[in-house]
Each structure stands twice: as C-alpha cells, then as structure tokens.
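**Q** can't give you the sequence, but here's the structure:
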C-alpha cells in the first residue's frame, strides 16, 4: 500500500507520524495533505534506513542537492564525499544524476548510504546504457526504458524524475514558437530527439500506466519533470513551457487516481517578476500538487554566482507556494561541482527556503530568527554560533577576525550600536 | 547652483548629460527626474575626477560598497585596497565608514582616489573626535557636529548620511513599544544616547536648515539615515521605524524646497513578505525620493551568508522600486570584511540589482541576459566569459574543471542537452 492509498483509507502510517513530529504538526494534518495530494512522502519500501520527509503545503520548504558522476569525472568516491557533505550541510534530499562510470553501482551505493530521500532520473542511465550497448542513445527501446525505471525503483529510489509531458504536440508548439535556448533539460532534449528519430510519441506519456504500476509496487513518488523548462530569461513562461505544464496537470490527476504520490518539477530560468505567476499557475493547473523548482535563476549573467541567483528565485518561489527547492551550485553552467560547491549550494538553498517559510508564516519559522536576534542583542557569541545556519563558517569568520575576548566585533569595535544603546537607553518596551 | 536648482531652471548640466549617456536616456528625462526629486546625482563640487552617476526612478539600480577602518583594523592601506577592489568589481558608489586611525586622512585619500561617488557619515568622525578630545562621545556639542559635517562636505563627499529623523518623539515611540534588537544603527544609537544624556532634541533635526545650507554650498546630496532601522525580522515595519520614516518624509520636502538633492535610507532586517510594502511605504511617505536600502536581509540566521540573504531582499526591493542597494558582505555580523569579502559583496549586490532591473522592465536590461543565453546556446565560452558578471570567477571555474578543447562542460559531458537538441531538433522557431 502506498502512503496515498493508506491516507485514503484514513490510516496514519509510521512515516506520517515521523513527518508530523519533524514538522510539529498533527499526524492528521499530514494524512489529510497526502489524501488531498498536496503533500507527498517520498519513501521507497526498499530504501532501508530512510528518515522520511514530507514535501508540500504547510510543511517546511525542503532542499535537494544534485550529485553524480559525469563522463569526465566518473569517480564514485568523490560523489560519496559530496553525499556526506550535502547531508551534513542539511540537505533534505539528494538526487543521483550520474552519467559516468558504473551507474548501477553508483546508484546502489548512494541509496544505501543516504539517510534522506534519494531521487534519480532513470532516463539518464537508459541513455548511457543504449549508447554503450548500441553505440547510439536513440537506439533505446521503450521496453529498455521501462526495464531501467523498474531497476531504479527496485533499488530503492524514493522519487523518480520522468519527462512524461514532452509530447509530440508540446514539442510542435516549441518548434513553431522558437526559443533562444531551445531545450536545456537533458531528459527533455533526449526524449525530443528520440521522438523525432523514431517518429513516435513519448513512451513515458503513451505508456504512462506502465510507469504508474512500477511506482505503485514500491511506493515511488513520481516527480513529473519539465523537459521544456526555460533555459534563459527570454524563454520563460512561453507557450511550450505552459503547454507541457497542462499535460503534467492531466498526469497528476491520473497518478492520484491510481494511488501514486506525485509532484511536479518547475523552472528554471525565470525573470523575478514572473516567479510568483509560475508558482500560481502550477498550483492551479496541477491541483495543488507539491511544486519542486530548480532555482529559479533570476538572471542569466552571473555564472559563478548561480547559487545566489537561484536563492533569490527560490525564496520568492517558496513564498508563493513552491514546496521543494533544488539547489544550484556556484559551478552551474561551468562544470561539475566540487564538495565545497555542494556545501555552498545547500546553504544558499536552505537560507532561501527558510526566508520563504518565514514569509509565508509557517508556524514556528520566525522563532529561529527571533532566538538568533536575542543572542545578538546579548552579544552571546557562543549561542549565535549554535544557532547559525552554518556554525563552521560562523567560526571561520568570527575567530579569524576577532580576539577571543572581544565583546563586540571588529566591524564596529568601540562604536558598537548594541553597546551604546545598552549604556544610554537600557531595555526598551513596556515595563 | 545644485543639480536640483539647475533642473528647476530647465538647465541640462554636464553631469546630467553624462548620466543620460550612461543610462541610455534622454537628457531631458534626467533633468525632469531631478526636478521632480525622483532622481539625484550625488556630485560634490569638490570631488575632482568623479564620474557622476544618477540614482532614482527609471535608472539602473545602483550598488554601494561600504569600506573603512575600525579601531581593531586602523590600517588605511587595507582600505585603499578594498576601494580598488570595490570599484573594479563594479560598485557605483563607496561609503567610507572609518572609525579607526586618522579619519581625516583616510577620508581625503579615499575621496581623492575614488572615481565613483563617495558617501560618508559625519557623525562617526564627530563621535570619535569627541571620544578622543573629551574622553566621552556624548560630550560632542551641536557646533562640533556641524563643523564636522562642513569638513566632510568641503573635502568632497558626494552624499552624507545624517540621522535627522531620530527625534525625541520617535525614540519615545520606540521606548514604549519595545524591541528585541532596539537600535542597530551606530548613528541612530549615538544620537539617541546623546539626546538622553543631554535631555535635548536631536540637533540634526532641530537645526536641519544649517545642514541644508552646507549641502547647498557644495551640492552635497543628503541621504536621510534610518537610525531606527530594524535589526532583526521581528522588529521590522514597527511603529518606531515608520514614525521615523514619516519624519524623513517631512525632511525630504524641506530639502527639496531648499534646492538640496535628497534620498532616503531604508532597512535593514525585513521578512521577505514585507519588503515590497516597505518600498511602497517609503515611496509614498517620501514623495518618490530615491530609496537607498541596506539589504534588506530576509533572515537573521545566516551569518557568513548575509551577502546572499541581502541579495534576496535587495532584488525584491529593487523590483518594488528601491533605487540604490547597499551591499552586505559575508562578514556582516561577524567582523570587518576582507578584500575578498568586498568583492563577493559587490558581485552579489550587482546581480540582485540586475535581477531587479530585468523584473521592472528597465529598458535594455534583459538584453544582457539575452546575449549571454545566445553565447550559451552557441557553446561560445569566450563570449560567455566576456559577458559574465565576473569574468575572473568565470575563468577560475571553467579552466579549473574543463580541458581547454571541451565543447560542452564537465557537468553533462557527452550528454549535453544543447548538443543533443542541435543534433535532432535543429533550430526552432518560424523559418
């Protein structure tokens, strides 16, 4: 039985209880959200040792870190180090996007060693397999693809990104309309290429029920990928993107009907003034399904700083109702991220998520800021470190620039406003 | 004659022409904005070698970098290095906030060597002088203070931050209401302490005309400081902050009447959902005066990452109409920034400003993103570097992780979406 099937029968599962505790919510709140489809708990039956997390309305905004080998960097050990770093830095989810080295082995090792939910993109390994077996990615057959998906599910992937919405009609819309960056999703580009080469419909759309059957069996959550997500600001919120989103809305309903948990992926590169509209559109077209966004990146001009451009978009998207943020690292658009990039990416994304949680009034969210501010007012540096998003970076700055016994900090020294106010004004507020 | 007086007489000055060229606007657009008070050009007659910049409605969002010595780090040479770094990184303005070492010498050196506008806070040096001369900051007299202000103006400061709105009534509002972080502005805290100690009104408010006379003489732009800006999310948009803003609105009108260019400073720590309201409120209460914000920081919990929390707030504030963003570095709340922090701070702030410019539809802003995206689509790495916000960081990432002849990047390698699409789909769009 999937979490959704259980919720429909009024049952509160162990995973729901754990999520309720983690979120400081009533278990019934979680069950109801799952029944309505506004909350998912990606938790594959075969992922041993998973700490289940909820994603959706009324819950803390979650953060995903992408890791995985590439052809130029096929070394598993580097990716395992990134996995540890991401989890230590506070990622709620990790996606394995490996395309280099022994993919089955990588995926198995990552799932086995990952205490948080793991997402994968079965299409990637299917592409790589086809390339290796037949010398061409497009020689992939639909059966190969579904066998690949089944393999990922059986191995314990908690959610699968599948590009079901890239239909022939949607691609036709793209072709007619035109774009600067065309398709930047690897899955989306491959599916499109496959369809053109074979003159056939997207098998993930045509045989969607086959996908649902696999998900049902392991309680895998579907993450409906946006294969036509905009790859630059000028392409954002165009007919192709929205045509695909309409198809995804239809597929959300079919997944729910089948008892399969489902969320929807979103852009991408989006001008800041269109971010809120994008979230509202997804929530409306996809009937409140959890929204998992990549960024959004609010400018294209800042390679090396895309963790920041995406923190801006992610915070605003989260405030508007996005539930799950995929981090972007400073290495985005330039190369495979290092461990340090992964760390920076997770931190930037977590702070965006928290800013969103405060902004949307998530119960208890501002408490954290409140406590930090009290520690600041008291010039209690130990407490500030304890409360900091990243205590390691806190120490590196604090200890590097201040002698141990300084009460104020070297920025203001004797002219610390906190100290001046204390001296002359005392504590404000009704006595 | 100040720029404002000239504009009123229908004159287009050399500075207006330069700003018009820089902004790709008609000179008359600039003149009209100055006349209306929605644009200022801070350009002290005594700042030789200044490249004048406009700040205000319809212009590119500007970025300021704070530098300056502190008691623990009084070395001028370090600050001169930060000045060069800030200007090279693209700062449109630099504020000298020195409180350590020989303040007059520091200020003179910074103004002399700074090609962009320089702002200062005369109260800081007045506090330090009083401390050194009388052994107590509060022994400062009003005459000392105005003499100090005159000195900054004569030396060539293009704009002065003065905390004129911290009146006894406003502080009474604060006392009655209470706050977690009370006052975090150094100037605001000092003025408050001074008023309590002497039992007198704020001389910057009481003798505001004296201040206007000084500004008129050198065409110094007034930057009305928000001495009671919130220092944590929980204190944001409270009665004390808004009471001060109302006073600032009154002072904007008096400055304009006198022919003095004026802008208004704003918060600070503000939850993301209150950022837009804060900008709208300032624009309304201060009759469209340019708004110069510090951050806003949208969470208190991320010391070490405050360049990111403020980029989020700054981008949203800019989209809502804020005209001038003061950077915040990763060292904020922890210590005096290093040169590297200054660089990171300027870059984060510039990208926030640009995201805002795109979002508010500033003519030509999205063109930059458009060009970058075309270079990406063409996998033209040389052009991408040239267009990058920070070509130095671009190279560090790109060259560190990719062999020189790679067409794609190591993130996707053989599975580059751009390349797959090219192969199967060709160029989209109407033929």
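**A** The structure has been received and is ready for your questions. Source: prediction; values computed, not measured.
**Q** Okay, helices next: where are they in the stretch 301-431 of chain A?
**A** Under the criterion DSSP state H, counting those that start in this stretch, the stretch 301-431 of chain A contains helices at A:306-320, A:339-359, A:365-377, A:381-387, A:391-401, A:417-424.
**Q** Turn these into JSON lines, columns for distance to residue B:85 and mean pLDDT.
**A** Heads up, the C-betas are built off the backbone N, CA and C, glycines and all. Converted to JSON lines, the helices of the stretch 301-431 of chain A look like this (distance: least, CB to CB, whole Å; pLDDT from 0 to 100):
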{"stretch": "helix A:306-320", "distance to residue B:85": "18", "mean pLDDT": "98"}
{"stretch": "helix A:339-359", "distance to residue B:85": "21", "mean pLDDT": "98"}
{"stretch": "helix A:365-377", "distance to residue B:85": "28", "mean pLDDT": "96"}
{"stretch": "helix A:381-387", "distance to residue B:85": "28", "mean pLDDT": "96"}
{"stretch": "helix A:391-401", "distance to residue B:85": "17", "mean pLDDT": "91"}
{"stretch": "helix A:417-424", "distance to residue B:85": "26", "mean pLDDT": "75"}
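**Q** Return the most buried member of those.
**A** Compared across the helices of the stretch 301-431 of chain A, helix A:306-320 shows the largest average neighbour count, a mean of 30 (mean count of other CB atoms under 10 Å in any protein chain shown).
**Q** chain center to that one, what's the gap?
**A** Per CA atoms, centre = their mean, to the nearest Å, the displacement of helix A:306-320 from the mean C-alpha position of its chain is 12 Å.
**Q** Make a markdown table out of the helices of the stretch 301-431 of chain A and add distance to chain B.
**A** Below are the helices of the stretch 301-431 of chain A laid out as a markdown table (distance: least, CB to the nearest CB, whole Å):
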| stretch | distance to chain B |
| --- | --- |
| helix A:306-320 | 5 |
| helix A:339-359 | 4 |
| helix A:365-377 | 3 |
| helix A:381-387 | 6 |
| helix A:391-401 | 3 |
| helix A:417-424 | 3 |
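**Q** For those helices, give me a markdown table that also has distance to residue B:53.
**A** Shown next, in a markdown table, are the helices of the stretch 301-431 of chain A (distance: least, CB to CB, whole Å):
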| stretch | distance to residue B:53 |
| --- | --- |
| helix A:306-320 | 24 |
| helix A:339-359 | 30 |
| helix A:365-377 | 34 |
| helix A:381-387 | 37 |
| helix A:391-401 | 31 |
| helix A:417-424 | 29 |
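**Q** who wins for proximity to residue A:47 among those?
**A** helix A:339-359 (20.4 Å; CB to CB).
**Q** State the distance from residue A:26 to residue A:144.
**A** 45 Å (CB to CB, to the nearest Å).
**Q** More neighbours: those two, which one.
**A** Set side by side, residue A:26 and residue A:144 show more neighbours around residue A:144, with 16 against 11, by other CB atoms under 10 Å in any protein chain shown.
**Q** pretty sure the more buried one is in contact with residue A:126, am I right?
**A** Yes. Contact criterion CB atoms under 8 Å: residue A:144 and residue A:126 qualify, at 6.0 Å.
**Q** tally of neighbours for residue A:364?
**A** Around residue A:364 there are 11 other residues, counting by other CB under 10 Å.
**Q** from what I can see it touches residue A:24, true?
**A** Yes. Under the criterion of CB under 8 Å, residue A:364 makes contact with residue A:24 at 6.0 Å.
**Q** For the stretch 201-350 of chain A, just list every one of the strands.
**A** A:221-224, A:262-266, A:291-294, A:324-326 (DSSP state E, counting those that start in this stretch).
**Q** what about the residue lying closest to residue A:400 once chain neighbours are set aside, distance to residue B:306?
**A** Spatial nearest neighbour of residue A:400, chain neighbours left out: residue B:335 (7.4 Å); criterion: CB to CB, 6 or more residues apart in numbering or on different chains. Noted for residue B:335: a distance of 12 Å to residue B:306, by CB to CB.
**Q** Show me which residues of the stretch 151-300 of chain A sit near chain B.
**A** The stretch 151-300 of chain A comes close to chain B at residues A:171, A:174-186, A:188-190, A:192-193, A:196-197, A:231-235, A:269, A:271-273, A:298-300, as judged by CB under 8 Å from any CB of the partner chain.
**Q** coming back round to it: look up the pLDDT of the residue nearest to residue A:400 for me, please.
**A** Here the pLDDT value assigned to residue B:335 is 89.
**Q** Do I have it right that it meets residue A:396?
**A** No. Taking CB under 8 Å as the definition, residue B:335 is not a contact partner of residue A:396, at 10.5 Å.
**Q** What residues does the closest residue to residue A:338 other than its chain neighbours make contact with?
**A** Of all residues not flanking residue A:338 in the chain, residue A:331 sits nearest, at 7.0 Å (CB to CB, 6+ apart). The contact partners of residue A:331, by CB atoms under 8 Å, 6 or more residues apart in numbering or on different chains, come to A:337, A:338, A:341, B:397, B:401, B:411.
**Q** and those residues as TSV, adding distance to residue B:347?
**A** Converted to TSV, the contacts of residue A:331 look like this (distance: CB to CB, whole Å):
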residue	distance to residue B:347
A:337	18
A:338	19
A:341	16
B:397	13
B:401	20
B:411	22
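**Q** Can you name every helix or strand that the lowest-mean-pLDDT helix or strand in chain A contacts?
**A** Across the helices and strands of chain A, mean pLDDT, DSSP states H and E gives its lowest value to helix A:417-424, namely a mean of 75. Packing contacts for helix A:417-424, counted by 3 or more CB pairs under 8 Å, 6 or more residues apart in numbering or on different chains; DSSP states H and E, involve helix B:186-198.
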